[in-house]
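Q: how would this look folded up:
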Amino acid sequence: QGQLVESGGGLVQPGGSLRLSCAASGFNFALYAITWFRQAPGKEREGLVCISSSDSPWYYADSAKGRFAITRNNAKNAVYLQMNRLKPEDTAVYFCAARVTDCSDDVSQNPIRGQGTQVTVGS
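A: Modelled structure (predicted):
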């Protein structure tokens, strides 16, 4: 059974950076696209960015463009989200999700999902 585990969240000051990790197990990771989502209190879940099985990034959220970068390491079964110039409005639970081959920002189309990691941007 496939599993995803996120790590790397925490408290960071505005303007700072964080690198989130998404570790996969139990499925053929190299065949899957991985999408990062976030959920903030009182807001709708938001798809941020995806990396396909062919290593192509797809940005869904304007807020992620130019500040967030997604990479994958198939040898380590991991995907990373580098977040720079963080703002208070980036505060949310960030989680990764997987589906075969192609990206989708519809979380229901990503059957393997992690529990998430909390990111808090504040002083």
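Q: going forward, measure contacts and count neighbours with C-alpha atoms only.
A: Noted.
Q: what are the bridge partners for the residue nearest the centre of the chain, then?
A: In the chain, the centroid-proximal residue (CA atoms, centre = their mean) is W36; its distance is 2.4 Å. As for beta bridges, W36 partners with V49, C96 under DSSP bridges.
Q: surely it meets V93?
A: No: in this structure, W36 is not within contact of V93 by CA atoms under 8 Å, at 10.5 Å.
Q: residues near K65, how many?
A: If you count neighbours by other CA atoms under 10 Å, K65 ends up with 13.
Q: quick check, it in a helix?
A: No: assessed with DSSP: H, G, I helix; E, B strand; the rest coil, K65 is coil; it does not lie in a helix.
Q: my guess is it meets Y59, correct?
A: Yes: when contacts are counted by CA under 8 Å, K65 is listed as touching Y59 (6.6 Å).
Q: so where's the protein uncertain?
A: Applying pLDDT under 70 to the chain flags no residue at all.
Q: strands of that one, start to end?
A: With DSSP state E, the ranges of strands along the chain come out as 3-7, 10-12, 18-25, 32-39, 46-51, 57-59, 68-73, 78-83, 92-100, 112-113, 117-121.
Q: the second one pairs with which strands, and in what direction?
A: Looking at strand 10-12 with DSSP bridges, its partner strands are strand 117-121 (parallel).
Q: same check on the shortest one?
A: Looking at strand 112-113 with DSSP bridges, its partner strands are strand 92-100 (antiparallel).
Q: which residues are contacting the strand it pairs with?
A: Here strand 92-100 makes contact (CA atoms under 8 Å, 6 or more residues apart in numbering) with 4, 6, 22, 31-41, 53, 107, 109-120.
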